[in-house]
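Participant: Below is the sequence, then the predicted model.
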Amino acid sequence: AQSVAQPEDQVNVAEGNPLTVKCTYSVSGNPYLFWYVQYPNRGLQFLLKYITGDNLVKGSYGFEAEFNKSQTSFHLKKPSALVSDSALYFCAVRALPFKAAGNKLTFGGGTRVLVKP
Amino acid sequence: DGGITQSPKYLFRKEGQNVTLSCEQNLNHDAMYWYRQDPGQGLRLIYYSQIVNDFQKGDIAEGYSVSREKKESFPLTVTSAQKNPTAFYLCASSIDVPGPGEAFFGQGTRLTVV
């Protein structure tokens, strides 16, 4: 069974400081990894994904994430946080082969980010 | 304008009633998903479908049913067997060929039992 862990329920950071949101995963085989953001009472918006290749992935709104296979991690980062980055962030994983019976997209529990002015 | 449309945005259900949540996509995606989100919680998978006329149970399928008669539609029925249906329901779709792309989400339906 595949799973995703986001060990921090909430991350507080001052505006302009670096932001890191942690994610670790467990999956059989190679993972496809995703980060999403959710604003109140809205659906999830895609930020970035790792499929293969370069371990550092750049995404929307200045976010990036680093895939670390040995540590089974995919932490989300932003060099300089904005107040508007305050939201709920979700990490998700899919396993290969993606057409296999029982394959699905699994989400972590979410991390609330609060950026203070 | 492509995307996923969920309706209604708000839904109220009386005890013992079945209700159906609509999810339509015009992205030509093969895979579609239903998730449940409780306050302050992550997303839990209810059902998913990788192709028309086929679907699989997720982690919390009890008390729910789905159908996938058309590629663009994946309605979710919350039955009276679901004892605690009050939640935020999210529908998503994704493309799998040539590789799994990101999932696109609807804006959600908030279901409340009255």
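Facilitator: Yes, it's here. The structure presented is a predicted model; accordingly, all values stated were derived computationally and were not measured.

Participant: Any regions of chain A where pLDDT drops low?
Facilitator: Applying pLDDT under 70 to chain A flags the ranges A:96-103.

Participant: how close does A:Leu105 sit to B:Leu43?
Facilitator: 9 Å (Cβ to Cβ, to the nearest Å). C-beta: built from backbone N, CA, C; applies to glycine.

Participant: mind listing what the closest residue to A:Phe34 other than its chain neighbours touches?
Facilitator: By the measure of Cβ to Cβ, 6 or more residues apart in numbering or on different chains, the closest residue to A:Phe34 outside its immediate chain neighbours is A:Ala92, 4.4 Å from it. Going by Cβ atoms under 8 Å, 6 or more residues apart in numbering or on different chains, A:Ala92 touches A:4, A:33-36, A:105-108, B:103.

Participant: Could you report the distance from the nearest residue to B:Gln82 once chain neighbours are set aside to B:Leu45?
Facilitator: Computed as Cβ to Cβ, 6+ apart, the closest residue to B:Gln82 that is not its neighbour in sequence is B:Gly63, at 2.8 Å. Relative to B:Leu45, B:Gly63 is positioned 14 Å away (Cβ to Cβ).

Participant: Name the surrounding residues that touch stretch A:48-68.
Facilitator: Contact with stretch A:48-68 is made by A:30-35, A:45-47, A:69, A:73-80, A:85, B:99-102, as judged by Cβ under 8 Å, 6+ apart.

Participant: Can you tell me what sits against stretch B:11-27?
Facilitator: Counting by Cβ under 8 Å, 6+ apart, B:2-8, B:32, B:34, B:72-80, B:85, B:89, B:91, B:93, B:95, B:104, B:106, B:109-114 sit against stretch B:11-27.

Participant: Give me the subset of the residues you listed that also touch chain A.
Facilitator: Residues of the contacts of stretch B:11-27 in contact with chain A (Cβ under 8 Å from any Cβ of the partner chain): B:4, B:6, B:104, B:106, B:110.

Participant: can you pull the contacts of the spatially most central residue of chain B?
Facilitator: Centroid check for chain B by Cα atoms, centre = their mean gives B:Trp34 as the closest residue, at 2.9 Å. Shown in contact with B:Trp34 (Cβ under 8 Å, 6+ apart): B:21, B:23, B:45-48, B:58, B:64, B:66, B:74, B:76, B:89-91.

Participant: can you tell me which of these are in helices?
Facilitator: Within the contacts of B:Trp34, no residue falls in helices by DSSP state H.

Participant: mind listing the strands for chain A?
Facilitator: Here chain A has its strands, by DSSP state E, at A:3-5, A:10-14, A:19-21, A:24-26, A:31-38, A:44-50, A:56-58, A:64-68, A:73-78, A:87-95, A:106-107, A:111-116.

Participant: Give me the sheet partners of the longest one and which way each runs.
Facilitator: I take that to be strand A:87-95. In the sheet, strand A:87-95 lines up against strand A:31-38 (antiparallel), strand A:106-107 (antiparallel), strand A:111-116 (antiparallel) (DSSP bridges).

Participant: Strand A:73-78 and that one, what's the angle between them?
Facilitator: 150 degrees (axes from the mean of the first three to the mean of the last three Cα atoms, to 10 degrees).

Participant: Now find how far off-centre strand A:87-95 is within its chain.
Facilitator: Relative to its chain's centre, strand A:87-95 lies at 5 Å (Cα atoms, centre = their mean, to the nearest Å).

Participant: remind me which residues of chain B are low pLDDT?
Facilitator: In the predicted model, chain B carries pLDDT under 70 at residues B:1-2, B:97-100.
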